[in-house]
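**Q** From the sequence below, what's the structure:
(one chain, ligands or ions: 1)
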Amino acid sequence: MYPPKFDYHRASSVSEAIAMRKEHDGKFMAGGHSLIPVMKLRLADPGCIVDIGRIDGLKGLTREGSDIKIGALTTHATVAGATKADDLPEALTEAAGWIGDPMVRNRGTVGGNVAHADPSSDLPTVLTALGASMEIAGESGSRSVGAADFFTGLFETAMGEDELLVSVTVPSHKPKTGTAYSKLFNPASRYAIVGAAASIEVNGGNCKSASVAIGGLTPNAKRCASVEALLNGKEMTEANIQAAAEAVANDLGDDILGDIHASIEYRKSMAVVFVKRAITKAVERTK
Ligand SMILES: Cc1cc2nc3c(=O)[nH]c(=O)nc-3n(C[C@H](O)[C@H](O)[C@H](O)COP(=O)(O)OP(=O)(O)OC[C@H]3O[C@@H](n4cnc5c(N)ncnc54)[C@H](O)[C@@H]3O)c2cc1C
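**A** From the prediction side, this is the model:
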């Protein structure tokens, strides 16, 4: 397969990239591991690509108070290989380590994954559970959007076409808090058929606060308010976690995705299993 013809421009700064994209009515390219495949499938024909992959200052992890800022061009391999000293939540490092294969992880970027908003991607689910925020640059300045408002639909985000994702900010690892990601993956691509992320803070054996998100089977990653309500204040026993996980059915909405890889009914039943696994693993990590 080969992509349709396109013009190529390489930007050396964020402002240049935004101006180039506008001038040529093009599309940004970071790692190219989602954009080029959709072009080869003829699902996109941008005519012009603005390569942002070599812009200085958009790569790497930076501590900012109790948060960690992840540059948009940081690869999945860098996040997966983060050490304890980097203080990233474990849910994020484990999700990044399960993306695709080594080639995808070495080329694909956090910003590209988030901007593409594929329903089967892993990072939107994890970032939603972690309460991450996305820093976006545009012609008229910068703004920050929380993950819960950023992922708006199937391959849709709150970002305008003229805007560029600059970084993603996540809270660093917190005491008495465990985070985890659990996914049922497509054995060929490793994309999520169902993905669940949890961040659980405990006090004694009880849940003090819970943030749970689900993805893969919904057009965009979603917080699971019903699951969270059944966890808050409860002792973290297997029975209580199971009861909470079963409530995920109330959080999925009506638009559940089914395809040749897995039916709607199968995905719905697997959502309970993987939400339970993510919560159980997060609780274990609080110890
Ligand atoms: C074989 C294979 C297996 C994969 N498996 C998984 C998996 O298991 N889990 C998973 O989550 N993902 C998976 N992916 C997707 C992978 O993570 C991609 O790298 C990622 O989704 C896109 O990142 P990229 O840097 O390659 O973005 P690109 O392909 O360069 O861009 C993707 C889209 O985002 C836009 N974009 C990119 N960067 C920015 C930015 N900074 N600001 C604004 N817009 C931007 C582009 O215009 C384009 O529309 C897989 C991909 C392949 C090819």
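**Q** Show me which residues of the stretch 1-150 of the chain sit near the ligand.
**A** 27-35, 37, 52, 72, 76, 99-100, 104, 108-109, 111-113, 115-116, 118, 121-123 (C-beta under 6 Å from any ligand atom). C-betas here are computed from N, CA, C, even on glycine.
**Q** The same query, at a cut-off of 5 Å, please.
**A** 27-35, 72, 99-100, 104, 108-109, 111-113, 115-116, 121-122 (C-beta under 5 Å from any ligand atom).
**Q** Inside strands: which ones of those?
**A** The strands, defined by DSSP state E, take in 27, 28, 29 from these.
**Q** Make CSV out of these and add pLDDT, distance to residue 88 and neighbour count.
**A** Output for these, formatted as CSV (pLDDT from 0 to 100; distance: C-beta to C-beta, whole Å; neighbours: other C-beta atoms under 10 Å):
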residue, pLDDT, distance to residue 88, neighbour count
27, 97, 29, 17
28, 98, 25, 24
29, 98, 26, 22
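**Q** most centrally placed residue in the protein?
**A** The residue lying closest to the centre of the chain (C-alpha atoms, centre = their mean) is residue 123, at 1.8 Å.
**Q** Could you tell me which residues make contact with the closest residue to that one other than its chain neighbours?
**A** Using C-beta to C-beta, 6 or more residues apart in numbering and skipping the chain neighbours, the partner closest in space to residue 123 is residue 113 (4.7 Å). Contact analysis of residue 113 by C-beta atoms under 8 Å, 6 or more residues apart in numbering lists 34, 76, 99, 121, 122, 123, 124.
**Q** just residue 164 next, same as before
**A** Counting by C-beta under 8 Å, 6+ apart, residue 164 touches 14, 17, 18, 21, 28, 52, 72, 136, 137, 138.
**Q** Now, these that are in helices?
**A** 14, 17, 18, 21 (DSSP state H).
**Q** ok, and the closest non-adjacent residue to the first one?
**A** Among residues not flanking residue 14 along the chain, residue 137 sits closest, at 5.1 Å (C-beta to C-beta, 6+ apart).
**Q** what number of residues lie near the one you found?
**A** Neighbours of residue 137 under the rule other C-beta atoms under 10 Å: 19.
**Q** Test my guess that it contacts residue 166.
**A** Yes: using C-beta atoms under 8 Å, residue 137 is in contact with residue 166, at 5.0 Å.
**Q** and residue 72, how many neighbours?
**A** Counted by other C-beta under 10 Å, the residues lying close to residue 72 total 27.
**Q** List the residues that contact the closest residue to it other than its chain neighbours.
**A** The shortest distance from residue 72 to any non-neighbouring residue, by C-beta to C-beta, 6+ apart, is to residue 111 (2.7 Å). Listed by C-beta under 8 Å, 6+ apart, the contact set of residue 111 reads 30, 58, 71, 72, 73, 74, 165, 166, 167, 168.
**Q** Next one: residue 39 from residue 29, what distance?
**A** Computed as C-beta to C-beta, to the nearest Å, the residue 39 to residue 29 distance reads 10 Å.
**Q** hang on, the earlier thing: ok, of the ones in strands among the residues of the stretch 1-150 of the chain next to the ligand, which one's closest to residue 241?
**A** Nearest to residue 241 among those: residue 28, at 41.0 Å, using C-beta to C-beta.
**Q** Show me where this protein has its helices.
**A** 14-24, 35-40, 76-80, 90-97, 102-107, 110-116, 123-130, 147-150, 225-231, 238-246, 264-284.
**Q** So for residue 159, which of those helices sits nearest?
**A** Nearest to residue 159 among the helices of the chain is helix 110-116 (6.6 Å), distances taken as C-beta to C-beta.
**Q** buried residues in the closest one?
**A** Of all the residues in helix 110-116, those buried under the rule 16 or more other C-beta atoms under 10 Å are 110, 111, 112, 113, 114, 115, 116.
**Q** farthest-separated two in these?
**A** Across those, the longest distance by C-beta to C-beta is 11.0 Å; it joins 110 and 116.
**Q** which strand in the chain runs the most residues?
**A** strand 192-203.
**Q** near the ligand, which residues of the stretch 151-287 of the chain?
**A** By C-beta under 5 Å from any ligand atom, the residues of the stretch 151-287 of the chain that approach the ligand are 164, 165, 189, 190, 191.
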